[in-house]
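Asker: after the sequence you'll find the predicted model.
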Amino acid sequence: MNLFRLIKQQWLQQGTTTLLLGLSILLTHPALGQSQDASVTKKDPKNYKILVGFGAGGIPDASSRMIAPKLAEKMKSTVIVESKLGAGGTLAAIALLAAPADGATLLSVSPAHATAPAIYKKLPYDTSSDFAPITLIGEGPALLVVPNDLNVSNVADLISLAKANPGKLNYSSAGIGSSSHFAVELLKMQTGIDVVHIPYKGVSEALTEVVAGRVQFHITPYSTAIGLVKDGKVKALAVTSKKRLPELPGVPTAAESGAPQYDWVFWYGLLASAKTPPETITLLNKEIVSILRSPDIQKQLNQMGVSVTPSSPDEFKKLIAFEIVKFQKIAKAANIQPE
């Protein structure tokens, strides 16, 4: 992901002095280094839980269920995945903060975590300061899909059709303030099209409306639409990343096919409470990153269109902060009113 790489590069540049200072302290005080290492490698046989604010079939749920058994083995404990559906993932976030801050309860998140401050006037938590990032799991593009009978072949055609019929084309989303809503609002900002937003209660309903031809397009994560594309029920006009997907070599990027500035990816990761002891966050990062680097996990997520990109807690924190600002700018430009 270009954004993630940029943030990572900035972090590395800014962190050089701190890194050298830390190394010098460890070299002059070896006992400190030994004590830290012991705390990081010690396992805590507590029972773990990963909370998911979205339904089965999505990446937050699927990735959590891939990680859970391997984490249970590493921590010599149990790890369950629990669904806490509702309010765009915020109910799961509230449940995390209500649990003991010992690292035993984790939260699986997507961009919805960063959109929340832009769409809710009063959240019962601070998205930036109340959570401790553990690691980014990965990122993946979306597909821009249209009904089979819509007479367009690429994004340029869709833009031309929308400009010739201002206010007459509809697009579906998984709800007001959802990532699929913001994805189209960014496209509108960059191309100047006037299309009507039709929000639904989830991705499944939003896609069903495309299949039925009741809306003209929808932008959705690769994993949720690829089955419909392969079955010939919808037409994929573009992938939203900067590069084409090996699985769909004939489908161009949005930038190639009519929206040269457009770049949109969905990201996924794990958080804990900000009150969690730092050494516990370090341990969780170490073990979960190791899990994410295993070939079988990478293969499963790759098949769902997700590129596995584990990170340090600080890298993930900077990505979330960047995304919060980005979504607030889009919400302001699109006049998305907080609820």
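Answerer: Alright, I've got the coordinates.

Asker: hey, where'd the strands end up in the stretch 201-339 of the chain?
Answerer: When secondary structure is read from DSSP state E, counting those that start in this stretch, the stretch 201-339 of the chain shows strands at 218-221, 235-239, 265-273, 307-308.

Asker: quick one, helices of the stretch 101-250 of the chain?
Answerer: All helices of the stretch 101-250 of the chain, identified by DSSP state H, counting those that start in this stretch, fall at 112-119, 155-164, 179-191, 203-212, 222-230.

Asker: okay, the ones you listed in JSON lines with distance to H197, mean pLDDT and mean neighbour count next?
Answerer: Where you see a C-beta, it was placed from the backbone N, CA and C, and this is true even at glycine. As requested, the helices of the stretch 101-250 of the chain are exported to JSON lines (distance: least, C-beta to C-beta, whole Å; pLDDT from 0 to 100; neighbours: other C-beta atoms under 10 Å):
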{"stretch": "helix 112-119", "distance to H197": "13", "mean pLDDT": "93", "mean neighbour count": "23"}
{"stretch": "helix 155-164", "distance to H197": "13", "mean pLDDT": "98", "mean neighbour count": "19"}
{"stretch": "helix 179-191", "distance to H197": "7", "mean pLDDT": "95", "mean neighbour count": "22"}
{"stretch": "helix 203-212", "distance to H197": "11", "mean pLDDT": "95", "mean neighbour count": "19"}
{"stretch": "helix 222-230", "distance to H197": "18", "mean pLDDT": "93", "mean neighbour count": "19"}
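
Asker: minimum distance to A95: which of the strands of the stretch 201-339 of the chain has it?
Answerer: Taking C-beta to C-beta as the measure, the strands of the stretch 201-339 of the chain were each checked against A95, and strand 265-273 came out nearest at 10.8 Å.

Asker: and the angle for that closest one with helix 112-119?
Answerer: Going by axes from the mean of the first three to the mean of the last three C-alpha atoms, to 10 degrees, strand 265-273 is angled at 90 degrees with respect to helix 112-119.

Asker: save the helices of the stretch 101-250 of the chain as JSON lines, and put in distance to L51 too.
Answerer: Converted to JSON lines, the helices of the stretch 101-250 of the chain look like this (distance: least, C-beta to C-beta, whole Å):
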{"stretch": "helix 112-119", "distance to L51": "12"}
{"stretch": "helix 155-164", "distance to L51": "37"}
{"stretch": "helix 179-191", "distance to L51": "19"}
{"stretch": "helix 203-212", "distance to L51": "19"}
{"stretch": "helix 222-230", "distance to L51": "20"}
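
Asker: nearest to T282, out of those?
Answerer: Proximity to T282, assessed across the helices of the stretch 101-250 of the chain by C-beta to C-beta, is greatest for helix 112-119 (21.7 Å).

Asker: before we move on, the earlier item: closest one to L96 among the strands of the stretch 201-339 of the chain?
Answerer: L96 lies closest to strand 265-273 among the strands of the stretch 201-339 of the chain, at 6.2 Å (C-beta to C-beta).

Asker: list the contacts of I324.
Answerer: When the contact criterion is C-beta atoms under 8 Å, 6 or more residues apart in numbering, the partners of I324 are A114, P117, A118, T127, S128.

Asker: where are the low-confidence patches of the stretch 1-150 of the chain?
Answerer: Within the stretch 1-150 of the chain, the set of residues satisfying pLDDT under 70 comprises 1-45.

Asker: change it to 80
Answerer: Applying pLDDT under 80 to the stretch 1-150 of the chain picks out residues 1-45, 57.

Asker: the nearest residue to Y222 once chain neighbours are set aside and A132, how far apart?
Answerer: Computed as C-beta to C-beta, 6 or more residues apart in numbering, the closest residue to Y222 that is not its neighbour in sequence is G305, at 3.1 Å. As for G305, its distance to A132 is 28 Å (criterion: C-beta to C-beta, to the nearest Å).

Asker: what does F327 give?
Answerer: Using C-beta to C-beta, which is the criterion applied here, F327 is 21 Å from A132.

Asker: per the record, what domains does the chain have?
Answerer: For the chain, the domain assignment from automatic domain parsing gives the residue ranges 46-140+266-334, 141-239.

Asker: can you convert those into TSV and add a column each for distance to P249?
Answerer: Converted to TSV, the domains of the chain look like this (distance: least, C-beta to C-beta, whole Å):
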stretch	distance to P249
domain 46-140+266-334	14
domain 141-239	10
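
Asker: these: which one's closest to L245?
Answerer: With C-beta to C-beta as the criterion, L245 lies closest to domain 141-239 of the domains of the chain, at 5.4 Å.

Asker: redo the strands of the stretch 201-339 of the chain as a markdown table? Include mean pLDDT.
Answerer: Putting the strands of the stretch 201-339 of the chain into a markdown table (pLDDT from 0 to 100) gives the following:
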| stretch | mean pLDDT |
| --- | --- |
| strand 218-221 | 95 |
| strand 235-239 | 98 |
| strand 265-273 | 97 |
| strand 307-308 | 96 |
